[in-house]
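J.: I'd like to go over a predicted model; first the sequence, then the structure.
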Amino acid sequence: MIAVLTPNRRKECIMQQTEQVPVTVLTGFLGAGKTTLLNRILTEQHGRRYAVIVNEFGEEGIDNDLVVDADEEVFEMNNGCICCTVRGDLIRILGGLMKRADQLDAIIVETTGLADPAPVAQTFFMDQDVADRTKLDAIVTVADAVHLSAQLGEHHEAEEQIAFADVVLLNKTDLVDVNNLEGVETRIRKINPYTKIIRTAHCEAPLENILGLDAFSLDRVLEVEPDFLESDHDHEHDDDVTSVSFVSDTPLDLDKFETWFGDLLRTKGQDILRSKGIIEFLGVDERYVFQGVHMLMDASPMGAWPEGKPRTSRMVFIGRNLEEMNLMEGFEGCKAA
């Protein structure tokens, strides 16, 4: 149970944010491009040392494998959301990192697409040890310019992600015309007039506009939510949104997979909020990555399979009205004979 802060402790939280390891929280709804942004950060020649914490919604984790090979350590939290069920894991991992804080320049936390950032941000003030050793630098929200308007109307998490953002990376702007783009920005401004909006395609934005901002303002948050430091922000996910995952040690047939996956997105795409997978195809040496948001899908090679590790194909679907048996039959039907 997280304790209620006294007025004196609240002042300490506001004043003590010096000489601490800065933490950037990357949030944004399913498929917005958070992992793309994280990979950009890790592959830039910035000379900084980051620890990365990746949280996924569902039992089968894929995002950790989608993160490029880098010198940074990546910690994975699966089968629960960082804002509620695995919040204790976040505190535990941060505690371990603080034992060697002198070896880190900063920490990056990538939340699930269904995370409410309020309880995540609260962790850096309400837990004594975390508050003493870390500093919440900024909440950076990646927003999907194509789907954000619909997401704001259907998912309260999408609105919370915008409301708490110090920076909004409005991504996929290359897929939206100027008039619609301005309409999306207007909706963002109505929710959060203080946030900085950066238009991007493929999350290509200068890192100095994303990291090391010292942008999180506790005073601003307290104006919006006066009880931010005084109550445990319980977060309940929409029970209609579930995840299913499938694994195969048998290579898949490329033609069968493309036919099945294409038909699936055309017929069930409205209910599939997010789909992603790392696939081994028969006769293809490289791993293939498939990522989809509703009916939009992208596929690309990801390089060779890691030596000494099994070539296991994995698919994850997150959405509503997911018919697990039908999805399993379709996936199994793609296996190479």
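T.: Right, received. Where do you want to start? Since the model is a prediction, treat every value here as computed from it, not as a measurement.

J.: quick one: Glu225 from Val109, how far?
T.: Shown here: Glu225 relative to Val109, a distance of 20 Å by CB to CB, to the nearest Å. Bear in mind the C-beta positions are built from the backbone N, C-alpha and C, glycine included.

J.: what's the offset of stretch 194-211 from the middle of its chain?
T.: Chain-centre distance of stretch 194-211: 16 Å, with CA atoms, centre = their mean, to the nearest Å.

J.: which residues sit in contact with the nearest residue to Leu222 once chain neighbours are set aside?
T.: Distance criterion CB to CB, 6 or more residues apart in numbering; nearest residue to Leu222, sequence neighbours excluded, is Phe228 at 5.7 Å. Counting by CB atoms under 8 Å, 6 or more residues apart in numbering, Phe228 makes contact with 118, 122, 218, 221-222.

J.: so of those, which ones are in strands?
T.: Judged by DSSP state E, these include no members of strands.

J.: residues in contact with Cys203?
T.: 33, 36-37, 40, 142, 169, 171.

J.: Could you give the average pLDDT over the helix or strand that contains Gln291?
T.: Element membership for Gln291 (DSSP states H and E) is strand 286-293. Strand 286-293 carries an average pLDDT of 86.

J.: Can you tell me which helices and strands it packs against?
T.: strand 272-279, strand 296-304 (3 or more CB pairs under 8 Å, 6 or more residues apart in numbering; DSSP states H and E).

J.: circling back: who has more neighbours, Glu225 and Val109?
T.: Remark: of Glu225 and Val109, Val109 carries more neighbours, 27 against 16, as counted by other CB atoms under 10 Å.

J.: Is my assumption valid that that one occupies a position in a strand?
T.: Yes. Remark: Val109 belongs to a strand, assigned using DSSP: H, G, I helix; E, B strand; the rest coil.

J.: related to what we said a few turns ago, can you flag the buried ones in the contacts of Phe228?
T.: 118, 122, 218, 221 (16 or more other CB atoms under 10 Å).

J.: so which of these comes closest to Val241?
T.: Comparing these against Val241 with CB to CB places Ala118 closest, at 18.5 Å.

J.: before we move on, back to that, pick the most deeply packed of the helices and strands packed on strand 286-293.
T.: Greatest average neighbour count among the helices and strands packed on strand 286-293 goes to strand 272-279 (a mean of 23), per mean count of other CB atoms under 10 Å.

J.: in the stretch 151-300 of the chain, which ranges drop under the pLDDT threshold?
T.: For the stretch 151-300 of the chain, the stretches flagged by pLDDT under 70 are 230-239.

J.: got it, and the stretch 1-150 of the chain?
T.: Within the stretch 1-150 of the chain, the ranges that satisfy pLDDT under 70 run 1-18, 56-73, 77-87.

J.: which stretches of it form strands?
T.: In the stretch 1-150 of the chain, the segments counted as strands under DSSP state E, counting those that start in this stretch are 21-27, 50-55, 73-77, 106-110, 134-144.

J.: need those strands in TSV with distance to Val184, can you?
T.: Shown next, in TSV, are the strands of the stretch 1-150 of the chain (distance: least, CB to CB, whole Å):
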stretch	distance to Val184
strand 21-27	17
strand 50-55	26
strand 73-77	30
strand 106-110	23
strand 134-144	8
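
J.: Pick the most deeply packed of those strands.
T.: strand 134-144 (a mean of 26).

J.: Would you mark the buried spots in stretch 183-195?
T.: In stretch 183-195, the ones that count as buried by 16+ other CB under 10 Å are 184-185, 188, 191-192, 195.

J.: nearest to Ala336, of these?
T.: Ala336 has its nearest neighbour among these in Val184, at 42.4 Å by CB to CB.

J.: Understood, closing this out.
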